[in-house]
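>>> Kindly return the folded structure for what I paste below:
(one chain, ligands or ions: 1)
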Amino acid sequence: MVAMEGGKNAMTFKSLFYDFVVSRYYDDEVAEATADSRSRCVELLSIESGDIVLDLGFGSGLNQPFVAEAVGAEGRIIGLDASSAMLGLAEERAREKGYADRLRLIEGDARKMSELISESPDKVMTTLFFSVVSDWQSVFSASYRLLNAGGRYLVMDTFWQKPSLAERFLIMRYTAKAAVPGFKPLEANCEDYYFENFPPDIEHGFYIAVGRKPFRS
Ligand SMILES: C[S@@+](CC[C@H](N)C(=O)[O-])C[C@H]1O[C@@H](n2cnc3c(N)ncnc32)[C@H](O)[C@@H]1O
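Modelled structure (predicted):
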């Protein structure tokens with residue numbers, strides 16, 4: 001069984017929009033198109049068996065099949081999201097795939113993270129989330145404080161400096177912003193900072209940034 005917590009005071013305009021609108025088309029539109037990049041994220045995070053991985057803005061749990069395999073039976077995924085409908089999809093996926101016991105789901109506003117999570121993860125990941133959540137910098141700071149020293153932090157997101165019309169439409173559909181530089185705090189704070197863009201021949205689109213929290217900062 002999936003451990004599900006929270007639910008109180010989680011509701012925001014965005015969580016309602018994801019509950020009643022986006023959750024209806026999210027997996028159909030996003031799952032296949034992002035599968036390769038999700039497996040790349042897990043590779044770049046160097047997840048080890050037994051790790052605790054905090055996945056912020058967990059959504060419908062599209063990362064979890066890759067992460068659950070990497071953490072193994074001894075490891076755990078903590079998934080935080082404000083939308084109960086998106087977490088419902090994640091719970092269903094975990095049950096179907098048989099790794100519900102590795103998953104702790106928390107329904108809540110990531111901007112109130114300190115009230116929701118006290119555990120220190122070995123890895124933090126956030127995918128397609130910093131471009132959506134308001135006040136992403138404070139979400140970064142709170143989650144970076146939680147991360148164990150020596151642990152890795154990964155951000156995968158879109159970055160469109162001059163979005164085309166089609167990209168603008170996509171941005172609207174997901175209540176996102178076009179050019180949130182979610183990689184910058186990793187560049188500024190982490191060791192072994194690594195950044196890649198895909199497709200690699202353009203200067204906008206999707207990126208993955210990853211770095212390690214130093215033992216001394
Ligand atoms: C574009 S989806 C990304 C989902 C998932 N990370 C992925 O890669 O597919 C953005 C998610 O952010 C969640 N979200 C938006 N604002 C939030 C907040 N303040 N706190 C927690 N989750 C939030 C939405 O409910 C939604 O599930």
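>>> Which positions in the chain make contact with the ligand?
Contact residues, the chain versus the ligand (Cβ under 6 Å from any ligand atom): 12, 14-15, 18, 30, 57-59, 62, 81-83, 86, 109-111, 127-129, 132-133, 174. Glycine gets a C-beta too; all of them are placed from N, C-alpha and C.
>>> neighbours around residue 188, how many?
Using other Cβ atoms under 10 Å, residue 188 has 9 other residues around it.
>>> who does the helix or strand that contains it touch, helix- and strand-wise?
Assigned by DSSP states H and E, residue 188 belongs to helix 184-189. Judged by 3 or more Cβ pairs under 8 Å, 6 or more residues apart in numbering; DSSP states H and E, helix 184-189 is in contact with helix 136-146, strand 191-198, strand 205-212.
>>> For the longest helix belonging to the chain, the averaged confidence score.
Counting by DSSP state H, the longest helix found in the chain is helix 23-45. For helix 23-45, mean pLDDT is 95.
>>> Same check on stretch 186-194?
97.
>>> Straight-line length of it, end to end?
Using Cα to Cα, to the nearest Å, the end-to-end distance of stretch 186-194 comes to 9 Å.
>>> now swap in stretch 36-53 and tell me
Start-to-end, stretch 36-53 (Cα to Cα) is 19 Å.
>>> Report the buried residues of it.
For stretch 36-53, the neighbour count (16 or more other Cβ atoms under 10 Å) marks 37-38, 40-42, 44-45, 47, 51-53 as buried.
>>> Would you check that residue 157 makes contact with residue 206?
Yes: counting by Cβ atoms under 8 Å, residue 206 is a contact partner of residue 157 at 7.2 Å.
>>> Can you tell me what sits against stretch 11-22?
26, 59, 82-86, 109, 132-134, 173-175 (Cβ atoms under 8 Å, 6 or more residues apart in numbering).
>>> List the contacts of residue 51.
70-71, 75-76, 121-123.
>>> same thing but 6 Å
71, 75, 122-123 (Cβ atoms under 6 Å, 6 or more residues apart in numbering).
>>> Name the helix or strand of this protein that has the lowest mean pLDDT.
strand 3-6 (a mean of 71; mean pLDDT, DSSP states H and E).
>>> Pull the distance from the following helix or strand past that strand to the chain's centre.
Downstream of strand 3-6, the next assigned helix or strand under DSSP H and E is helix 13-17. Its chain's average C-alpha position is 17 Å from that of helix 13-17, according to Cα atoms, centre = their mean, to the nearest Å.
>>> tell me the mean pLDDT for helix 13-17?
Mean predicted lDDT for helix 13-17 stands at 91.
>>> What residues sit buried inside that helix?
14-15.
>>> and if you look at stretch 107-122?
107-111, 113, 116-117, 121-122.
>>> now do stretch 134-144
136, 139-140, 142-144.
>>> what pLDDT, on average, does that stretch get?
Mean predicted lDDT for stretch 134-144 stands at 97.
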